[in-house]
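Chemist: Please find the sequence and the predicted model below.
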Amino acid sequence: MEIAVSTRNISKTYPGNVEALRDLSLEFPRGQLTSLLGPSGCGKTTLLKIISGLLEPTSGEVEVNGKPVTGPGPDRAFVFQDFALLPWADVLRNVAFGLELRGVPVSEREDIAQQHIKNVGLDGFEKSFPHELSGGMRQRVGLARALAVESEVLLMDEPFSAVDEQTRRKFQEDLLGLVERENKTFIFVTHSIEEAVYVSDQIAILLPRPSRVHEILRPENLRTKGVSDIRRDPEYLDTVDRIWASLRSYVE
Amino acid sequence: MFIKGIRLPGMSSLIIWGLLWELVGQSGLTFFLPPLSEILITLYEIGDSPAFLKALKETAQAFTVGVSAAILIGIPVGILMGKNRLLDELLLPWVNIFLSAPLTALVPVLMVLFGFGMRSIIITTSLFAIWIIILNSRAGVLQINRSLVEMGRCFGATPLAAFVKIYFWAALPEILGGVRIGIIRAVKGVIIGQLLISLVGFGALFELYSANFLMSHFWAVLIVLFALAFTISELLATLERKFSYYAANR
Amino acid sequence: MHAKIMSRSLNLKLLSAIVVFGIWEIAGRIPISYGFPTFFESMVALFSMLIDGTLLQAYMDTLRPLVVGILISAFLGIALGLWIGLSNWFDWLVSPIFIIMQAAPLAALIPLLVMVYGIGLTSKVFVVCIMAMPVIVLNTAGAVRNTPINLKEMAASFLGTDKDIILRVIIPSASPIIFSGLRLGTSAGFIGAILAELKITPTGVGDIITFSRSIADYPSMYAAIFSIILLAVCFLNLLEIIERTLFRGNVRGYVSD
Ligand SMILES: Nc1ncnc2c1ncn2[C@@H]1O[C@H](COP(=O)(O)OP(=O)(O)OP(=O)(O)O)[C@@H](O)[C@H]1O
Ligand SMILES: [Mg+2]
């Protein structure tokens, strides 16, 4: 198992002495999806931003493909929790924006964007503006933008938080397909235990602030099941129960 | 306002006021208010008189130069203040002071320093407009969604690209709002400047008319000025609305 | 922590004042123009005028039309604004006038006012009123018109009469915006009061400014201007502080927080 991203002994203290992460180490295998699961405010977003290079850790280091991270780079793409779409640009330009910033010529980047718009099921909306889309559709624009730059690592911060339960399930199935098709490394933040178990190859459970990795779970056989059978699988149910058992003490 | 289910257009009541004006004027109640019709005829006559055209030209010149200076200086200063905390803390108190200060009091200083001509009027105009432009550009930059900034960095935007493709557009609704209010203030400023330095533009014209008690001339010029000011402010409001579609959900 | 931030902002304000006044001092010493006294000279002139009572006397004169004008504008303006906000036909009839007044350079009316009312107090009060009133009327009307409809319905469902609804729902919910209209009106009123003193007849502070300019006593002129700007800014800041304490519940903080 090849490691795409590894974080070693990461600590992060925000100004004002808020210690978000303490001595956190975690490895993310290539081509797999790793979920970060933990109570609100435990530092999941912080970790994601450190991996993306947006934030500098107070100590510790991040490596992507064996090279230390010093800032944002083309090998990582971020899917933002609040979409971060340009409200003055239409869907096509938003999806192509990552490529635009990389200097890809117009016709080429629009072709690529078009393809990804189709993949996330938004064809016909190329000329729509973000405010004309539903929350779930905006979410998909953000996803398509991240996919369009063909980065090896996708950092997704609660990407399904804004959509209704039906769409959410649809997205989860799509995500499984994506993981299978593309040899990309997904780092996925979620609040939902069920969602984490459903989509993940590996689940990292974080503890409340200051955060460390409490436990790593690897559901072994779920990937071989069909998307609609997973939720009935005994391993799925057991894993959900186990995670709930270890998190429950922090809620009570 | 609806009459029998028909919506009356917003400004239609001005017709009633116009009629009322005409009546009062015709009745000869006061010398100072000639009938509207007479004023309109005068307006038509002075419309191409050299004195009026000269005043209009001088005013337009001072206004354009003053407003351009206010915009060209104000927007970058505001954006810089929004991005640099130290600069912001040093400049913000002064911007706030000049925003609410009675700037008319400064005109005598300008007259001493820059003479009794166009230069002083141009600077007065700029002074009326610039502070709100600075303040709004700053506010526009400060409200930019953090994750838009981070998105730019993530996808590798150079500082210039981030500025041109993200910050400017994200702050544009506020900037435009500031420019609109600034221009409305500049209209007032250019007239106040001309009144106090009454050798140029409409200031001189007003002196001439009021010295000779040319009432309908006076009103004719007032109507032109008010109509121009109102048109400018409506045009700018329309422009602002064009960009407001995304202001609410940035 | 909090105190540290406070003292940083205070220090920077002080620093920025020192820088600006320092530049003023240096520019006056060069001098950049024969009509540009140093900061120090101006302050000396300010204190000597303060001590011999000239300034106090002048402010009595300047503030009279200002106060009278603001009071008239406030009462008349709020009454008109309430009426406009509550009645559709009155809105249709009257608001265009104030919308135009808001955008128009009303200062141009001054020569006319002087012809009609002479050069006395009346004209000056009028100048203050035409400058201050539009924003008061428009703010009041807008706030009344935009009273949340569910509050009005709530009051009606509890059997409130029209009077109750106006007095207990509409006016309280509109008062923050009415108050900020008053503040903006006062700010415009200051502009008008000084304009009147410079343009119509020199009295009060306007007299000090005009007179000291005519005898080239520039330090006194700068001192008078400095003092009137200081006064206006302090007074408007005071109004803003009152506004914030009175309507504390209305400050909801930034949406992004
Ligand atoms: N810019 C900041 N300045 C100071 N403290 C911060 C900042 N950002 C986050 N924190 C603190 O760091 C901790 C972790 O924040 P983070 O956003 O990473 O949590 P999270 O796990 O993503 O939470 P959630 O699930 O609610 O999104 C929080 O307690 C928060 O108070
Ligand atoms: Mg988060």
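Modeler: Cool, got the structure. Ligands and ions are numbered 1, 2, ... in the order given.
Chemist: Go through the lengthiest helix in chain C and flag the buried ones.
Modeler: Identified as the longest helix of chain C according to DSSP state H is helix C:54-86. Residues of helix C:54-86 classed as buried: C:55, C:58-59, C:61-62, C:64-66, C:68-70, C:72-74, C:77-78, C:80-86 (neighbour count, 16 or more other CB atoms under 10 Å in any protein chain shown). For the C-beta atoms, the positions are set from N, CA and C on the backbone; glycine is no exception.
Chemist: same deal with stretch B:232-243?
Modeler: Here stretch B:232-243 shows B:232-233, B:236, B:240 as buried, counting by 16+ other CB under 10 Å.
Chemist: and the two most separated of these?
Modeler: Within the buried residues of stretch B:232-243, two members stand farthest from each other by CB to CB: B:232 and B:240, at 12.6 Å.
Chemist: sorry, back to before: mind listing residues that contact the helix or strand following the longest helix of chain C?
Modeler: Under the assignment DSSP states H and E, the closest C-terminal helix or strand after helix C:54-86 is helix C:88-103. Identification of contacts with helix C:88-103 by CB atoms under 8 Å, 6 or more residues apart in numbering or on different chains yields B:1-2, B:8, B:10-14, B:16-17, B:184, B:187, B:226, B:229-230, B:232-233, C:80, C:83-85, C:130, C:133-135, C:137-138, C:141, C:145.
Chemist: ditto for stretch C:204-218
Modeler: Under CB under 8 Å, 6+ apart, the answer for stretch C:204-218 is B:105, B:108, B:111-112, C:35-37, C:45, C:49, C:54-55, C:58-63, C:194, C:196-198, C:202, C:220-221, C:224-225, C:227-228.
Chemist: phi, psi of the closest residue to chain B within the stretch 51-200 of chain A?
Modeler: In the stretch 51-200 of chain A, no residue comes nearer to chain B than residue A:87, which is 3.4 Å away by CB to the nearest CB. Backbone geometry at residue A:87, expressed as degrees, to the nearest 10, gives phi -70, psi -20.
Chemist: For stretch A:214-226, C-alpha coordinates in PDB please.
Modeler: Backbone C-alpha positions of stretch A:214-226 (Å, rounded to 0.1, in the frame of the first residue of the first chain) are rendered in PDB as follows:
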ATOM      1  CA  HIS A 214      -8.000   8.200  18.500                       C
ATOM      2  CA  GLU A 215      -8.500   5.200  16.300                       C
ATOM      3  CA  ILE A 216      -8.200   4.100  12.700                       C
ATOM      4  CA  LEU A 217     -10.700   1.700  11.200                       C
ATOM      5  CA  ARG A 218     -10.500  -0.100   7.900                       C
ATOM      6  CA  PRO A 219     -13.700  -1.700   6.800                       C
ATOM      7  CA  GLU A 220     -12.300  -4.600   4.800                       C
ATOM      8  CA  ASN A 221     -15.000  -6.100   2.700                       C
ATOM      9  CA  LEU A 222     -17.500  -3.300   2.000                       C
ATOM     10  CA  ARG A 223     -15.800  -2.300  -1.300                       C
ATOM     11  CA  THR A 224     -16.700  -5.600  -2.900                       C
ATOM     12  CA  LYS A 225     -20.400  -5.200  -2.100                       C
ATOM     13  CA  GLY A 226     -22.800  -3.400  -4.400                       C
END
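Chemist: quick check: mean pLDDT across that stretch?
Modeler: Taken as a whole, stretch A:214-226 has an average pLDDT of 78.
Chemist: Quick one: distance of it to the chain centre.
Modeler: Taking CA atoms, centre = their mean, to the nearest Å, one finds the center of stretch A:214-226 at 17 Å from the center of the full chain.
Chemist: Can you give the contact residues for that stretch?
Modeler: Residues outside stretch A:214-226 that contact it (CB under 8 Å, 6+ apart): A:26, A:197-198, A:200-207, A:230, A:233, A:235-236, A:239, A:242-243, A:246.
Chemist: May I see the ChimeraX selection of the buried members of those?
Modeler: Typed into ChimeraX, the line below selects the buried ones among the contacts of stretch A:214-226, using 16+ other CB under 10 Å:
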select /A:26,197,198,200,201,202,203,204,205,206,207,230,233,236,239,242,243
